[in-house]
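Q: The following block contains a protein sequence and its predicted model.
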Amino acid sequence: MKNFIKKGGFLFSFSWFFLQYPVEAATDTVSNTSNNDAIIVTGTRETHKKIRDSLSPIEVLNNRELLETGQTNVTSALAQLVPSITQPAVGQFVAAPTNFVSLRGLNPNQTLVLVNGKRRHNSSFLYIDGFADAATPTDLDLIAPELIDHIEVLKDGAAAQYGSDAIAGVVNIILKSDNHGGSARSQIGQTYAGDGLVGQAGFNKGFKIGHSGFFDVAFDFRHQNHTSRDGIDSRTQRHSLKVVGDPMATRYNLAINAGYDFGNGIEIYTTDSYSHRNSEVNQVYRTADRFPEVYPDGFMPIQKLSENDFSASLGLRGDNALGIHWDVNSTYGGNFIRNDLDKTANLGLYAATGSTPLSVHLNNYSTTQLNNTLDLSKELALPVIYSPLTLAAGFAHRYETYKTGAGDPASYLYGGTQARTGIIPAVAGSHSRNVYSGYLDLSAHLTKRWQVDLAGRYEYYSDFGSTLNGKASTRYDFTDQFALRATFSSGTRAPSLANEYFSTLSVGPDSASGTLGANSAAAKLLGAVPLKPEKATNITAGLVYSPLKNLHFTLDSYQIAIRNRIVSGPGISGEAALAALNAQGVTVASTLEAQNISAWFFTNGASTRTRGLDFTASYHSRFENFGIVDWDIALNINATTIRHVNQLANGMSALNAQTRAYLTSSTPKNRITFGGRWESFSKKWDVSLHEQRFGQTTDEMTWYQGPNAYSMTDFNRIHNHPRWITNLEIGYRPIEKLRVAIGANNLFNAHTTRIPAANGYYGSGKYDGAASQIGVNGGFYYLQTSYQF
């Protein structure tokens, strides 16, 4: 608390002054701008439900709030605005381009992402290590930001309402549906260190179709350069490694949202998007003695990823079928990645044949989802309750695929290429499953002040069988200003197809590590057992309080108990790992020592319990000719403990110290953000200033030097101490429709805790790459322009 006052005392005391001595209340027109009156569609089947009346904690973030963070992607904007959202702090290697979020310190696969209320497909990337270990998350960077109207973040388990992946909550992205007007935006910025230049530009435009239709289209382009936050390479005594930081990436997004009302209560609608992204990810530098015949100065392999992503949704809905509102929809989407490696060599192939390609194709990954849904709802007037009963029911079918394609023979023969080896044909393949589900949801005001919502969902997985989940929510408004609410729910998340079948091998200058398919014979040699679905039980209880017209508080406590969480196994090194890789058909260079070879697989490692607290407060004030200020503060506190550790088939513990830390301490134990946005009376000037505090994270880091180098049992405990970040943006409107802004994220260039040289590969890694706290790039400044037309 002392540090809180010392660093953030100005904003805290300034806001507290106006809470104690309120200025003139805002007019009705101004107060209606509060998103506390916003209509929500997430977590409820009722129509015209306002956020202030919600039975569950939910936040609504509009397009302006997202863009004025100055962040270059939606993921970072959400993480800046909502303390209970976590994003990766460090992007490294194959998963670096992916942008995703998670809620309440849990795995991103336990947060469901919807677009206009429809399930969004996942990425083909599979994340390994950190809080996102074993995740194939939804990539928010592939959703055009210019088309986003607002985002609803439901911070409560909702598997009974929406199905698998909604254990921690739901992020529902609502797109614009305008038939006129539009906007254009551009932004350029870079880090204080002078690298990581980002240029971004986009627009959206609404068109009218006939008498009662709309067509809203958006396009967005972004290019970012590499950042590098590595230390001195112990082999070369210079900055030879450039693997810690952001990759170079160029991304294009094109999306449309359209609909037409036929005038008889029936509407046809469609939402479609296409994205393409090229990324270059640096791999570990090889010294000059590695392959002097071709690379006399050494070489740094570069992984090149070409990614295509699409989604197409078509639906028909109406409200005149015997008073029943109905919605039938089909959504098909997929993510396709081609993985190549440049500036590399296959040294085993060169020794055997005298030649080697310097560029190879490594693999292809793809995932698709076809979702077919029918949703029905009807309001029934019953004499025994205060309001009509909203009865909702629905049916859904989901068909999922996951495919891996083999690489060039030169990428995997004779030990494979440097940095990464290609997928061998024996491992490549196509996998699929069907998921069928049905749900029932009942909600009503039993009395004027007492709300109840009951939901149940049955799901059948073609590979894991059936599951039944339920949810019960209630809220009682003691007065118009004060209410209590609570929810009890259960949830299920089946292992992703990638969890079951993903396989890869990474090769360092003097080490190799492989991930084996959990269902493979090779993994069974190391003790793997068939994966089971995760099961969760959620309890949430909280209050809503509005002591003044423009002052709103919410406070919600929660407990999430998850059984059989899917994580990377404990990892096995030495001859056993080598034998397992060979059984998989993967060959490892004969020059590598067995103790430097390791293998993993995914397993149901443990049962955990997460307890936490979410607090939000907002205050809208008006200062006559001085303008208006929107004050806000938000806090998340959470702690995850391990309640039970499973065993592998060979009797080994399914967790080691490192994977325990991934589950319990790789995300901040607490996060707070507070500040305000001032807008002048003339609306020409605005200033946004926010302070954020990130709590401590703890990681068990691998030793790369010393007697415990590459050990799977002995690690170094690293504490990333709490850090403060200040974000500032100043905007000016030279004309009504044009806004120009300058800003800085991480204004005072804060960095996370440095790690010992022995825990960085060849002493070069300055920062922890698995824990997710404030990131490693430091300060970022930018110039942004936007125009409304």
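A: Received the coordinates, thanks. Numbers count the residues shown, from 1 in each chain.

Q: Apart from its neighbours in sequence, what residue is nearest residue 325?
A: Nearest residue to residue 325 in three dimensions, chain neighbours excluded: residue 319, at 4.3 Å (Cβ to Cβ, 6 or more residues apart in numbering). No exception for glycine: its C-beta is placed from N, CA and C like everyone else's.

Q: List the neighbouring strands of the host helix or strand of the one you found plus their orientation.
A: Following DSSP states H and E, one finds residue 319 within strand 302-321. Looking at strand 302-321 with DSSP bridges, its partner strands are strand 266-282 (antiparallel), strand 324-342 (antiparallel).

Q: In the shortest one, which residues are buried?
A: Okay, so that is strand 266-282. Using 16 or more other Cβ atoms under 10 Å as the burial criterion, the residues of strand 266-282 that qualify are 267, 269-275, 277-282.

Q: per-residue confidence averaged over that strand?
A: Averaged across strand 266-282, pLDDT comes to 95.

Q: Can I get it in CSV? Just the C-alpha atoms.
A: Listed next in CSV are the C-alpha coordinates belonging to strand 266-282 (Å, rounded to 0.1, in the frame of the first residue of the first chain):
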residue,chain,number,x,y,z
ILE,A,266,-37.4,-11.8,-40.7
GLU,A,267,-33.8,-10.8,-41.2
ILE,A,268,-30.9,-12.3,-43.1
TYR,A,269,-27.4,-11.5,-41.9
THR,A,270,-23.8,-12.4,-42.6
THR,A,271,-20.4,-11.8,-41.0
ASP,A,272,-17.3,-12.6,-43.0
SER,A,273,-13.6,-12.0,-42.5
TYR,A,274,-10.3,-12.8,-44.2
SER,A,275,-6.8,-12.2,-42.8
HIS,A,276,-3.3,-12.8,-44.1
ARG,A,277,-0.2,-12.5,-42.0
ASN,A,278,3.5,-13.0,-42.8
SER,A,279,5.9,-13.3,-39.8
GLU,A,280,9.6,-13.8,-39.4
VAL,A,281,10.8,-15.2,-36.1
ASN,A,282,14.4,-15.2,-35.2
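
Q: can you give me the offset of it from its chain's centre?
A: Distance of strand 266-282 from the chain centroid (Cα atoms, centre = their mean, to the nearest Å) equals 17 Å.

Q: 29 is where my numbering starts, stick with that
A: Understood, numbering begins at 29; the last thing we discussed is strand 294-310.

Q: Now residue 66. Nearest residue, chain neighbours left out?
A: residue 88 (4.6 Å).

Q: SS state for that neighbour?
A: strand (DSSP: H, G, I helix; E, B strand; the rest coil).

Q: The nearest residue to residue 518 once chain neighbours are set aside pairs with what?
A: Nearest non-adjacent residue to residue 518, counting by Cβ to Cβ, 6+ apart: residue 497, 4.6 Å away. Taking DSSP bridges as the rule, residue 497 bridges to residue 485.

Q: burial measure for residue 497, as a count.
A: Other residues within reach of residue 497 by the criterion other Cβ atoms under 10 Å amount to 27.

Q: likewise the one 3 residues further on?
A: Other residues within reach of residue 500 by the criterion other Cβ under 10 Å amount to 15.

Q: residues contacting it?
A: Residue 500 sits next to 480, 481, 482, 483, 515, 516, 517 when contact means Cβ atoms under 8 Å, 6 or more residues apart in numbering.

Q: Before I go, just wanted to say thanks for your time.
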